[in-house]
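A.B. asks: Sharing a sequence plus its predicted fold:
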Amino acid sequence: MADRPLHQVLAAKQRTGRTISVVLPALNEEETVGDIVAVIRHDLVDQVPLVDEVVVVDSGSTDRTAEVAARAGARVVHRDDILPRIPAVPGKGEVLWRSLLVTGGDIVCFIDADLREFSSDFVTGLVGPLLTEPDVELVKGMYDRPLAGASGQGGRVTELMARPLLNMHWPQLAGFVQPLGGEYAARRSLLEQLPFPVGYGVELGMLVDALHLAGLDALAQVDLGVRKHRHQDGQALGRMAAAIYRTAQLRLARGHLVRPALTQFVRGEDGFEPRTYSVDTEERPPMAEIAEYAARKVA
């Protein structure tokens, strides 16, 4: 990030006239979403005019996520109110896909809503290459991911599932440090052409599809330092890994696979009990194919 200080990034924005939307997908993140929004608003809206809108897309929170985000200065939109013609399904990718319809920036920057000790340098670092390098289409963040209260690093699904898949099947992408990271930015002109896996496979699917659509030279990554966030338990990570594997399968052999399921085990009164979960398989089409989106661009 040091090679693109804020004043240089701001000058590039003013020179190019590009607008920037920051999107936070959120589900029950009342403890952290307000601080993230407040930092972005203070540093990059009020202090310097880099970010044009901060939008939190609430995917069905049962806590005070929406209230806290709005009070901090975000525009809050509920997932189910976007494109009601198509019933929403649970999943992060679903929220990111729908966010394209309620944002207007030429550049869209996605930030997870569970980050702690958040710095606005994340946003500046991600959008910087898109403002200063005309051939760059998508920028991923890379960072250290310390495990709270434990030694070692997070990113277990990355190391055990995503990285082997990319190295074996898409070696051009082997150099991405955090392929599943939730902090990245892209040009709207690219995002609207990509299909979006509705669940946890969205980051891997987006990276692979962007490679094929735009080429490796259009993809970049920036070092954002340290990322601290809430970590999920092992079984949740197993479900995430299954969705990511399925996303890779679809891209390797579309149309030749059965609908998968994942069985996990928990200990009950009578021993281990199975719990079977369906794995996210649905994908949303490129937003450019949606009539409501096309009509909005014409209007």
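C.D. replies: Yep, that arrived. Numbers count the residues shown, from 1 in each chain.

A.B. asks: What's the end-to-end length of stretch 165-175?
C.D. replies: One end of stretch 165-175 sits 13 Å from the other (C-alpha to C-alpha, to the nearest Å).

A.B. asks: A helix includes Ile40, no?
C.D. replies: Yes - per DSSP: H, G, I helix; E, B strand; the rest coil, Ile40 lies within a helix segment.

A.B. asks: doesn't Val54 make contact with it?
C.D. replies: Yes - counting by C-beta atoms under 8 Å, Ile40 does reach Val54; the two are 5.4 Å apart. The way it works is simple: take the backbone N, C-alpha and C, and place the C-beta from them, glycine included.

A.B. asks: Between the two, which contacts overlap?
C.D. replies: Counting by C-beta atoms under 8 Å, 6 or more residues apart in numbering, the contacts common to Ile40 and Val54 are Val22.

A.B. asks: In this protein, which residue is most central in space?
C.D. replies: Gly182 (4.0 Å; C-alpha atoms, centre = their mean).

A.B. asks: Next up, the contacts around the residue nearest to it when sequence neighbours are not counted.
C.D. replies: Spatial nearest neighbour of Gly182, chain neighbours left out: Asp112 (3.7 Å); criterion: C-beta to C-beta, 6 or more residues apart in numbering. Applying C-beta under 8 Å, 6+ apart to Asp112 gives the contacts Leu24, Pro25, Gly182, Glu183, His229.

A.B. asks: Check what pLDDT the residue lying farthest from the centre of the chain gets.
C.D. replies: Distance from the centre of the chain peaks at Asp270, with 40.3 Å (C-alpha atoms, centre = their mean). Asp270 carries a pLDDT value of 83.

A.B. asks: who wins for most neighbours among the contacts of Asp112?
C.D. replies: Among the contacts of Asp112, the one with the most neighbours (other C-beta atoms under 10 Å) is Leu24, at 29 neighbours.

A.B. asks: In a strand, that residue, correct?
C.D. replies: Yes - in this structure, Leu24 lies within a strand as judged by three-state DSSP.

A.B. asks: Surely it and Ser59 touch.
C.D. replies: No - counting by C-beta under 8 Å, no contact exists between Leu24 and Ser59, whose distance comes to 10.7 Å.

A.B. asks: list the residues that contact both of the two?
C.D. replies: Jointly contacting Leu24 and Ser59 under the rule C-beta under 8 Å, 6+ apart is no residue at all.

A.B. asks: all strands in the stretch 151-299 of the chain, in order from the N-terminus.
C.D. replies: 184-187, 196-197, 219-226, 228-229, 261-268, 271-278, 283-284 (DSSP state E, counting those that start in this stretch).

A.B. asks: highest average neighbour count across those?
C.D. replies: strand 196-197 (a mean of 28; mean count of other C-beta atoms under 10 Å).

A.B. asks: partner strands of that one, parallel or antiparallel?
C.D. replies: strand 283-284 (antiparallel) (DSSP bridges).

A.B. asks: Run the chain-centre distance for the partner strand.
C.D. replies: On the basis of C-alpha atoms, centre = their mean, to the nearest Å, strand 283-284 is displaced by 15 Å from the centre of the chain it belongs to.
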